[in-house]
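Novice: pasting the sequence and the predicted model now:
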Amino acid sequence: MADRSHRFQSASGYDYGNYSSDADEQKYSKQRQKTTPPKLEAMSAWIQRQTNSPYVQLAGAAVLSGAAVAGAILGYQSVKRNEAIQRLKASIPDIDEQHPAQKLTEFGLATPPKLSKEDERSAALARRAQQGDYDDDLILEQLARNRVFLTDEGLAKLRSSFVVVVGCGGVGSHAAAALARSGVPRIRLVDFDQVTLSSLNRHAVATLSDVGTPKVHCIKKRLEQIVPWVRFDCRDELYSEAAADSLLSPWSMEGDKETRKPDYVLDCIDNITSKVSLLYYCHSHNIPVISSMGAGCKSDPTRIAIGDISVSTEDPLSRSTRRRLKALGVNSGIPVVFSTEKPGPGKASLLPLNEEEFAKGEVGELGVLPDFRVRILPVIGTMPAVFGYTLANHVICEISGYPNEYNAGAKGREKMYDSILGALQGMEERLAKSEAGKDPVGLRTPVSKDDIAYLVEEVWRGKSVVTGLGTRLMLVRWKRPEHGFGPDPVWEKEGQKGVRLYLKELVCMTKEEALRHEREVLKGGKPIEELYDEKVIWKVEERIREQEYYEKYR
């Protein structure tokens, strides 16, 4: 009999010693049954049964074969991918004169591309013109229309100026083009972005061949072909608070002896953080600046207005800019171009991001740069151009000294006109009541809301004739009429209870000034000369004559 003597150790670690016979085996088997846990014995038996099951063996074989197939597929894909990468690398030519490389900026953008032969000729002509090798008579001939409009003195001011355009997209490119064509000789262009296909619906000068190139160099290249004597200082970088001192520094370029601070800065940025930073810097450093608010989702050019940022309405970008500037202590003093157009059914709007976009991560993480928009704004190509030309028009008139007297908040003030009309009606009733025997009930004035708008905006330029303030305005009679106040007797005989009142009799004052005028002049009988100085009286008389002249054209 074979020797069966060996040691046996249970799963629990108990050493049962040697056994060499069937009797010993039975003896130790009984001992194992007493010491081995029942659950462990049951588990071992279950595992043995499952291992011997043909179904389990079949499932295991299927899992192993599936893993083998998946490994083979992934391995094949890896090999093909590596082959594709190698082919791509092999297709990239070596850097030489035929295949030059372009250095990328810190934003991953390309530096100026190699110019075509036509562009090289234009650039060479521009360099000569900027060095003085260009007949000034030719320049004056090209600017002849501006010259007769602005006068020689005004054009001379414009031709010695320095303007900075921050943001060279749809708005900024049109503004820069208008400034250059009008005679501004030094223009600094600031923008970190490049021309894209979607830029071409609104950019002033970009062509299909400019796609992928920096916007600042695109503008310089194209405008030098139109006005070669204009010098462009291209800053292919993002405006930030840290870069403000450099980007808004005085003009200084090689070969140009002129050094001067910016005469004007045009804010054409569509990023709220950069916009507020730029406006606050200019305001605190006394640099003249004008800002463009949002042109997106706008389509009515008749609603575009220029006004102080404190009166801009119906524009989310303007509202956010105002609030942030107020937090910095700036409440007014910055002119802006904005649209009073209201949203409505069927009009373009910026829809909220869908759930799929939110699932990609935090909204702020979806942008290329921090704080920049992550969605394409709905923009009709004409509106940025109107905004840009409005900016440029303001700057041209301001620098040249042209008497531009448009009102800062002339549009979208229907509620104010209603208020002024109501105040005028109330004053006429009070004046009629002050006259003996005059009943003010049912009294009507021959003045409409359109008349109010015309007088306030066109005749009095939206300001008080006394102090020049533009808030809490009223219209009041300048002098006490000879026929007195109250209903006109002639009209009253015909059954009409109306006031005889002509537009030329009304002047614009603040509410406080108008009430004082009513009390002391209209009711008290005090002469005009005792209440106002010669300058105010002269201005009133001048505006009345002007109103009489233009009344026939209304």
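Specialist: Nice, I can see it.

Novice: shaky segments in the stretch 101-250 of the chain?
Specialist: Along the stretch 101-250 of the chain, segments meeting pLDDT under 70 span 101-114.

Novice: all strands of it, in order?
Specialist: Secondary structure of the stretch 101-250 of the chain (DSSP state E, counting those that start in this stretch): strands located at 162-166, 186-190, 231-235.

Novice: number of residues surrounding residue 315?
Specialist: For residue 315, the neighbour count with other C-beta atoms under 10 Å is 21. The C-beta positions use only the backbone N, C-alpha and C, and glycine is treated the same way.

Novice: oh, I was asking about residue 87
Specialist: By other C-beta under 10 Å, the residues close to residue 87 number 9.

Novice: buried stuff in stretch 292-303?
Specialist: The neighbour-count check on stretch 292-303 (16 or more other C-beta atoms under 10 Å) flags 292-298 as buried.

Novice: repeat for stretch 155-174
Specialist: By neighbour count on 16+ other C-beta under 10 Å, the buried set for stretch 155-174 is 155, 157-159, 161-174.

Novice: mark out where each domain of this protein begins and ends.
Specialist: Following automatic domain parsing, the chain resolves into domains at 6-52, 139-345+379-400, 414-551.

Novice: looking at the ones you listed, which is closest to residue 132?
Specialist: Each of the domains of the chain has some distance to residue 132 by C-beta to C-beta; the shortest is domain 139-345+379-400, at 8.9 Å.

Novice: how about the buried residues of stretch 292-303, which pair is most distant?
Specialist: By the measure C-beta to C-beta, 292 and 297 form the most distant pair in the buried residues of stretch 292-303, at 14.5 Å.

Novice: could the strands of the stretch 101-250 of the chain be laid out in TSV, adding distance to residue 337?
Specialist: TSV is the format used below for the strands of the stretch 101-250 of the chain (distance: least, C-beta to C-beta, whole Å):
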stretch	distance to residue 337
strand 162-166	14
strand 186-190	18
strand 231-235	23
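
Novice: closest one to residue 465 among those strands?
Specialist: When the strands of the stretch 101-250 of the chain are compared (using C-beta to C-beta), the closest one is strand 162-166, at 33.8 Å.

Novice: tell me the helices and strands packed up against that closest one.
Specialist: helix 170-182, strand 186-190, strand 264-267 (3 or more C-beta pairs under 8 Å, 6 or more residues apart in numbering; DSSP states H and E).

Novice: nearest to residue 458, of these?
Specialist: Across these, residue 458 has its closest neighbour in helix 170-182 (25.8 Å, C-beta to C-beta).

Novice: give me the angle between that closest one and strand 231-235.
Specialist: Relative orientation of helix 170-182 versus strand 231-235 (axes from the mean of the first three to the mean of the last three C-alpha atoms, to 10 degrees): 160 degrees.

Novice: got the CA positions of helix 170-182 in PDB?
Specialist: Presented in PDB, the C-alpha positions along helix 170-182 are these (Å, rounded to 0.1, in the frame of the first residue of the first chain):
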ATOM      1  CA  GLY A 170     -16.700  95.000 -36.400                       C
ATOM      2  CA  VAL A 171     -17.100  98.300 -34.500                       C
ATOM      3  CA  GLY A 172     -13.400  99.100 -34.100                       C
ATOM      4  CA  SER A 173     -12.400  98.400 -37.700                       C
ATOM      5  CA  HIS A 174     -15.000 100.800 -39.100                       C
ATOM      6  CA  ALA A 175     -14.100 103.400 -36.600                       C
ATOM      7  CA  ALA A 176     -10.400 103.100 -37.500                       C
ATOM      8  CA  ALA A 177     -11.100 103.200 -41.200                       C
ATOM      9  CA  ALA A 178     -13.100 106.400 -40.800                       C
ATOM     10  CA  LEU A 179     -10.500 108.100 -38.700                       C
ATOM     11  CA  ALA A 180      -7.700 107.200 -41.100                       C
ATOM     12  CA  ARG A 181      -9.700 108.400 -44.100                       C
ATOM     13  CA  SER A 182     -10.500 111.600 -42.400                       C
END
